[in-house]
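# could you look at this predicted model? Sequence included:
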Amino acid sequence: MEDQNCSVIYEEEFVLNSRGMKLFTCRWLPVQSQPKALIFLCHGYAMECAVSMKGAAMRLVKAGYAVYGMDYEGHGRSAGLLGYVPSFDDVVSDCCDHYSKICEMPENKKKMRILLGESMGGAMALLLHRRKPDFWDGAVLVAPMCKIADDMRPNRIVISVLTQLCKVIPTWKIIPTQDIVDVAFRDPEIRKEIRANPYCYKGRPRLQTGNQLLTVSLDLEQKLNEVTFPFLVAHGEADVVTDPAVSKLLHQTASSKDKTLKMYPGMWHSLTYGELPENLDVVFSDIVSWLDEKVAMGGSRLERQQKQANDNLFKYAAGLEAKNIVL
């Protein structure tokens, strides 16, 4: 489907994952030019791509990028019980498999590939990087879930009890938390949109889902030094869902040589969808500027591939020369 006003092609497709489940995928492509690079969306907990990340995708396509998204298992229009994530590792595998196939298409092999994840999607981006450390050219991490804010996390005794209950009633919605919509999305109109969106999960987190999110955030918090790819981390200073201090710690601790931190005073958790319109303009101006800078610099991965191709060509030529000498 082409939007004539914006010169954007939007397409949807269902794909099968390795477990035989149908997953919803979508893409926004520029019509009149080759994309500068490929952007892969990683949506947040209880969210989806086609509606809640459409605004982000459209801004990026207008800036010259191709944008791809997919709904995780138990999210959006993908298969699975809504809001239920039995294994976050499986979800990482689904994203890795689908996005890698897109990157490895002949027309895409020489294009830079960059992840954009918000909240739980930020954790997804970091785990995709861990899965394939040299595959991705960078990431935009928006309020990444490297640690769940203390005010949003049940106390240790409750966590211990709930962990045991996961073995018996994993899908039950009994984790005591605040209403995420009320505390994550600043714009009242966006809150209404989310509550009216049938593809967004509402209510308390399911037991196993909450357990998986806590496990992932604890794991990431302890291994921030393992992050090596270029990244921009953006965080609202008034965020009460994920801890802004941990984004600062990520910026300080990561082994990446190319890393940028943007903190936004007064802004809430969701910087790509739930903020006030004027704040969205500021955030996306910073994101696009960072992306354009990465494209202008070129990716070290592409440089390595070109060097390997040149080395192979040199070896081949040397081999021919040696054969001529022998003959």
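Everything's here; your move.

# every contact and neighbour count from this point should use C-alpha atoms.
Fine.

# mind listing the helices for the stretch 51-200 of the chain?
Taking DSSP state H, counting those that start in this stretch as the criterion, the stretch 51-200 of the chain carries its helices at 54-62, 88-103, 120-131, 156-165, 180-184, 188-196.

# so for residue 219, which of those sits nearest?
With C-alpha to C-alpha as the measure, helix 120-131 is the member of the helices of the stretch 51-200 of the chain nearest residue 219 (10.1 Å).

# if we look at the closest one, which residues are touching it?
Applying C-alpha atoms under 8 Å, 6 or more residues apart in numbering, the contact partners of helix 120-131 are 41-45, 92, 95-96, 115-117, 135-136, 139-146, 213, 216-217, 220, 226-227, 229.

# tilt between that helix and helix 88-103?
Angle of helix 120-131 versus helix 88-103, following axes from the mean of the first three to the mean of the last three C-alpha atoms, to 10 degrees, is 70 degrees.

# for helix 120-131, buried residues please.
Residues of helix 120-131 classed as buried by neighbour count (16 or more other C-alpha atoms under 10 Å): 120-130.

# tell me the angle the helix or strand that contains residue 41 makes with helix 120-131.
Per DSSP states H and E: residue 41 is located in strand 37-42. Calculated by the same axes, to 10 degrees, strand 37-42 forms an angle of 120 degrees with helix 120-131.

# can you pull the contacts of residue 68?
Residue 68 makes contact with 25-28, 38-41, according to C-alpha under 8 Å, 6+ apart.

# how about those residues in CSV, adding distance to residue 160 and pLDDT?
Formatted as CSV, the contacts of residue 68 follow (distance: C-alpha to C-alpha, whole Å; pLDDT from 0 to 100):
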residue, distance to residue 160, pLDDT
25, 36, 98
26, 39, 98
27, 41, 98
28, 43, 98
38, 42, 98
39, 39, 98
40, 35, 98
41, 33, 98
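
# who wins on neighbours among those?
Highest neighbour count within the contacts of residue 68, by other C-alpha atoms under 10 Å: residue 41, with 31 neighbours.

# related to what we said a few turns ago, quick check: strands, which of the contacts of helix 120-131 are part of them?
The members of those that map onto strands under DSSP state E are 41-42, 115-117, 139-142.

# pick out whichever of these sits closest to residue 13.
Within these, the smallest distance to residue 13 is 15.3 Å, found for residue 41 (C-alpha to C-alpha).

# that closest one bridge partners, please.
Beta-bridge partners for residue 41, by DSSP bridges, are residue 116.

# these two touch, right, it and residue 70?
Yes - in this structure, residue 41 is within contact of residue 70 by C-alpha atoms under 8 Å, at 7.4 Å.

# need the residues touching each of these two.
Here residue 41 and residue 70 share the contacting residues residue 49, scored by C-alpha under 8 Å, 6+ apart.

# show me where the stretch 201-327 of the chain has its helices.
With DSSP H, counting those that start in this stretch as the criterion, the stretch 201-327 of the chain has helices spanning 207-222, 244-253, 277-297, 300-326.

# may I ask which of the ones in strands among the contacts of helix 120-131 has the most neighbours?
residue 41 leads the ones in strands among the contacts of helix 120-131 on contacts (other C-alpha under 10 Å) with 31 neighbours.

# just list the residues touching that one, thanks.
Listed by C-alpha under 8 Å, 6+ apart, the contact partners of residue 41 are 49, 67-70, 115-117, 121.

# and the residue nearest to residue 37 when sequence neighbours are not counted, how close does it get to residue 101?
In space, and not counting its chain neighbours, residue 37 is closest to residue 112: 4.9 Å by C-alpha to C-alpha, 6 or more residues apart in numbering. Using C-alpha to C-alpha, to the nearest Å, one obtains 14 Å as the distance from residue 112 to residue 101.
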